[in-house]
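1. Turn this into a structure:
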Amino acid sequence: MVSSSRLDFVFATPELFRAELRDLQELSRLLVARVPETWPPRLEDGSGAEEDKANTERFAQLLAQEPDRLGWSGWFWILKEARVLIGKSGFSDKPSADGTVMLGYIVHEQFRRKGYATEAVRAMVDWAFSHPEVTRVIAETFPHLISSIGVLEKNQFVLIGKGSEPYTICYELGRRA
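-> Sure, this is the predicted structure:
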C-alpha cells in the first residue's frame with residue numbers, strides 16, 4: 001500500500017474492480033471504508049460514466065490475466081481520518097518501451113478542491129519514478145477542466161500539446177534528476 005499525509009492508496013485487484021462494478025457494499029467491505037452512494041465519480045462536466053465502466057471492466061480482466069500489473073492499473077483513494085473512498089486513479093498500462101506511463105485520476109464530487117488530487121498525483125508520480133524503467137509520466141485532460149490542469153501544474157507537469165483523444169491536451173513530467 002502507498003500512503004500520503006491524508007490518503008491511503010489501495011491498489012486495485014480484479015476482486016475490487018468487480019465489486020466496484022456490481023456491489024458497492026462489497027467494495028466498502030473490501031476497502032474497509034465507506035463508499036459514497038453516488039460512486040463512481042464523474043468528470044466536472046458530468047461525463048465519464050460509460051468510459052469509466054468500460055475501463056474498470058478492461059482493467060479487471062487484464063489484472064486477472066497479468067497479476068504483475070498490480071499498481072499500474074488502478075488505485076482507490078481512502079481519506080485516512082474518515083475512512084471514506086474519495087477518488088481513484090491509475091496508469092493506462094505498464095511502462096512503454098521508452099519508459100512512458102500515462103496516469104488518470106478522478107475525485108468524487110464532494111471531495112473536490114481540497115488538494116486531494118494534487119496529493120494523489122504526487123504519490124502516483126513518486127511511485128512510478130520508484131521504478132527505474134519509468135522515464136516520464138504523461139496525463140491527458142480536456143482544456144476546459146481547469147481544476148485538472150491545476151493539479152498537473154502543481155505537480156510540475158508541463159503542457160506538450162494535443163492529446164491522443166479528440167479535444168484533449170497532454171502534459172508531461174520527466175524523471176527528476
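2. Lowest average confidence across helices and strands of the chain, where is it?
-> Sorting the helices and strands of the chain by mean pLDDT, DSSP states H and E puts helix 49-65 at the bottom, at a mean of 81.
3. Keeping just the C-alphas, turn it into CSV.
-> Provided in CSV are the C-alpha atoms of helix 49-65 (Å, rounded to 0.1, in the frame of the first residue of the first chain):
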residue,chain,number,x,y,z
ALA,A,49,-19.6,7.1,-16.6
GLU,A,50,-19.6,4.8,-19.6
GLU,A,51,-15.8,5.2,-20.2
ASP,A,52,-15.2,4.5,-16.5
LYS,A,53,-17.2,1.3,-16.5
ALA,A,54,-15.5,0.1,-19.7
ASN,A,55,-12.1,0.8,-18.3
THR,A,56,-12.9,-0.8,-15.0
GLU,A,57,-14.0,-4.0,-16.8
ARG,A,58,-10.9,-4.0,-19.0
PHE,A,59,-8.5,-3.5,-16.1
ALA,A,60,-10.2,-6.2,-14.1
GLN,A,61,-9.7,-8.7,-17.0
LEU,A,62,-6.1,-7.5,-17.6
LEU,A,63,-5.2,-7.9,-13.9
ALA,A,64,-6.7,-11.3,-13.7
GLN,A,65,-4.6,-12.4,-16.7
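4. Show me what that helix is packed up against.
-> Here helix 49-65 touches helix 14-22, going by 3 or more C-beta pairs under 8 Å, 6 or more residues apart in numbering; DSSP states H and E. Any C-beta I mention is one placed from the backbone N, CA and C, and that applies to glycine too.
5. Quick one: work out the angle between the helix it packs on and helix 49-65.
-> Taking axes from the mean of the first three to the mean of the last three C-alpha atoms, to 10 degrees, one finds helix 14-22 and helix 49-65 inclined to each other by 160 degrees.
6. Now do helix 14-22: distance to the chain's middle.
-> Mean-position distance between helix 14-22 and its chain equals 16 Å (C-alpha atoms, centre = their mean, to the nearest Å).
7. Can I get that helix in CSV, CA atoms only?
-> Extracted in CSV, the C-alpha atoms of helix 14-22 (Å, rounded to 0.1, in the frame of the first residue of the first chain):
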residue,chain,number,x,y,z
PRO,A,14,-9.8,-7.9,-10.0
GLU,A,15,-11.9,-8.5,-7.0
LEU,A,16,-12.0,-4.8,-6.1
PHE,A,17,-12.8,-3.8,-9.7
ARG,A,18,-15.6,-6.3,-9.9
ALA,A,19,-17.1,-5.1,-6.6
GLU,A,20,-16.9,-1.5,-7.8
LEU,A,21,-19.0,-2.5,-10.9
ARG,A,22,-21.5,-4.8,-9.1
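8. Let me know the average pLDDT across it.
-> Across helix 14-22, pLDDT averages out at 93.
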